[in-house]
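In: Would you be able to build a 3D model of this:
(one chain, ligands or ions: 1)
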Amino acid sequence: LMRLYGPINLLASMQATALTALVSFDRVLEVLDLEPHITESPGARPLDGPEESGPVAPDILFDRVGFRYPGADEVSLASLEAAAARVPDRASEAWTLREVSFRAPAGKLTALVGPSGAGKTTITQLVPRLYDATEGSVRIGGQDVRDLALQSLRDAVGVVTQDAHLFHDTLRANLEHARRGASERELIEACEAALIWDTIRALPDGLDTVVGERGHRLSGGEKQRVALARLLLKAPPIVVLDEATAHLDSESEAAIQRALETALAGRTSLVIAHRLSTIRGADHILVVDAGRVRERGTHEELLLNGGLYADLYRTQFAQQAAGSR
Ligand code: ATP
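Out: As a prediction, the model looks like this:
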C-alpha cells in the first residue's frame, strides 16, 4: 500500500491545500492517473445499504481470484532470453494471485499474514477496485465490485496504511475531509476514541495546528492515530488496514490496539497484520504465500496445524509473544 500512496504524499507535499479543498481523495487518485484501467460499468449501482434486520456491514467474497498486474503479461526480455535458452517457461510467475478464494465475514476482522511479497497488499487493493481481478470475482454483500458505482464503493471502504497521509493543512481540515460538516464535538470524540486528542489538545493551536511537510511534524504513530480518527468520522462499513511494522513500546502498542478495536468494531475488516495482538484477536486468519491462500483458521487452529503459520509465528511473532508475557 505504501507504493500506492507514495505518489500522493509527493503530490501533497508539492501543493495540496488548494487542490484538496476542491477535490476528494479519490479525485486525487484520478488526477494521478493511477487507475486508468478502472472504469464504471454502464448501469453501475450503488452498494446496497444494510438490511433492517441484517448485518451492519456486508461480507467480502473472493471467488477464485487470479491477478496479474497490468503489463505483467507483456513479453519480457527475460522470458525471451529464457525461450532462446530453452529453459522452462516461467510465465506462471507473472501471476501475483492465483485461485484466491475466501469470505471475510460481515462485521468481523479477517487478518492477512504471510511473508513479504506474498500478495497481501494486492488482495486488499482489489476491494476498493484500485485494480480489477484478472480472473474470478470480488463481491461485497453479494454484489460484484465491477457492477458498483465507483463513488459508492470508495465511500464504503476506509483505508488506513502504514504511511498515513496528512494533507498540508490544519488538523481540523484533515479530519473534516473524512466527514463534511462534522461538528466540533464529533471531531473531538473521534480524536478521543483514536487516542490522539490529548496530543492535539496540548498543541498551542489545537485542532487549528497546521500539519504536514512544512507544518507541525507528528510522529508516525500520531499520524496513524489521526488516520484512525478520520476513519471513525468516515465510519465506512468496510475497513482495509495495513498495520505499522515499526517497533512500538508495549504501552503504545496497547494504546493503538484499543484505538483499533474501537475503529474496527462492527466493520468488515481486512487487516494486514504484523501484531500478535491483532492476529490473536482476529476472527479469521488467512495465510498468504506466493499469491495463494495456503492456510486459514484461528490462531490456535493454525498453530496446532504445525504448517506455514506455525513457522511464521515462530520467526515473526514469538518475540512479541515473549514481550507481552
Ligand atoms: P509486504 O508484506 O512486503 O508488503 P505483500 O504480501 O503485501 O508484501 P504485495 O505488495 O501484494 O505483497 O506484492 C505481491 C507481488 O506483487 C510482489 O512480487 C510485488 O513485487 C508485486 N507487485 C506489487 N505491486 C506491483 C505493481 N504495482 N506492479 C507490478 N508488480 C507489483
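
In: all contacts plus neighbour counts: C-alpha atoms, from now on.
Out: Noted.

In: so what's Arg314 up against?
Out: Contact analysis of Arg314 by C-alpha atoms under 8 Å, 6 or more residues apart in numbering lists nothing.

In: quick one: Tyr309 from Pro115, how far?
Out: Separation of Tyr309 from Pro115 (C-alpha to C-alpha, to the nearest Å): 10 Å.

In: Arg98 contacts Arg292, correct?
Out: Yes. Proximity of Arg98 to Arg292 meets the contact threshold set by C-alpha atoms under 8 Å, at 5.6 Å.

In: Tell me which of Tyr309 and Pro115 has more neighbours.
Out: With neighbours defined as other C-alpha atoms under 10 Å, Tyr309 and Pro115 compare such that Tyr309 has more, 26 against 14.

In: Ignoring the adjacent residues along the chain, who's closest to the more buried one?
Out: Once flanking residues are discounted, Tyr309 sits nearest to Leu302: 6.0 Å by C-alpha to C-alpha, 6 or more residues apart in numbering.

In: And Leu61, by the same measure?
Out: Arg103 (4.5 Å).

In: my guess is the one you found is in a strand, correct?
Out: Yes. Counting by DSSP: H, G, I helix; E, B strand; the rest coil, Arg103 is found in a strand.

In: Spell out which parts of the stretch 51-200 of the chain neighbour the ligand.
Out: Those residues of the stretch 51-200 of the chain that sit near the ligand, judged by C-alpha under 6 Å from any ligand atom, are Tyr69, Thr96, Ser116, Gly117, Ala118, Gly119, Lys120, Thr121, Thr122.

In: what about 5 Å?
Out: Ser116, Gly117, Ala118, Gly119, Lys120, Thr121, Thr122 (C-alpha under 5 Å from any ligand atom).

In: What separation do you get for the third one and Arg98?
Out: Distance, Ala118 to Arg98, using C-alpha to C-alpha: 11 Å.

In: Next, show the common contact partners of those two.
Out: Common neighbours of Ala118 and Arg98 (C-alpha under 8 Å, 6+ apart) are Gly291, Arg292.

In: Within its local environment, how many residues does Glu300 see?
Out: The tally of other residues near Glu300 (other C-alpha under 10 Å) stands at 10.

In: contact partners of stretch 198-214?
Out: 13, 166-172, 192, 215-218.

In: quick one: low-confidence parts of the stretch 51-200 of the chain?
Out: 51-56, 72-93 (pLDDT under 70).

In: can you give me the helices in it?
Out: 77-84, 120-125, 150-156, 171-176, 184-193, 197-201 (DSSP state H, counting those that start in this stretch).

In: Same list, these, but as TSV with mean neighbour count please.
Out: Below are the helices of the stretch 51-200 of the chain laid out as TSV (neighbours: other C-alpha atoms under 10 Å):
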stretch	mean neighbour count
helix 77-84	12
helix 120-125	22
helix 150-156	19
helix 171-176	22
helix 184-193	18
helix 197-201	16
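
In: could those helices be laid out in TSV, adding distance to Ala254?
Out: Converted to TSV, those look like this (distance: least, C-alpha to C-alpha, whole Å):
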stretch	distance to Ala254
helix 77-84	47
helix 120-125	24
helix 150-156	28
helix 171-176	24
helix 184-193	14
helix 197-201	16
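
In: Out of the ones you listed, the one nearest Leu260 is which?
Out: Judged by C-alpha to C-alpha, the one of the helices of the stretch 51-200 of the chain that comes nearest to Leu260 is helix 184-193, at 9.1 Å.

In: ranges for the strands of the protein?
Out: 60-67, 97-104, 109-113, 135-140, 143-144, 157-160, 238-242, 268-272, 284-289, 292-297 (DSSP state E).

In: and the first one, what other elements does it pack with?
Out: With contacts defined as 3 or more C-alpha pairs under 8 Å, 6 or more residues apart in numbering; DSSP states H and E, the packing partners of strand 60-67 are strand 97-104, strand 135-140.
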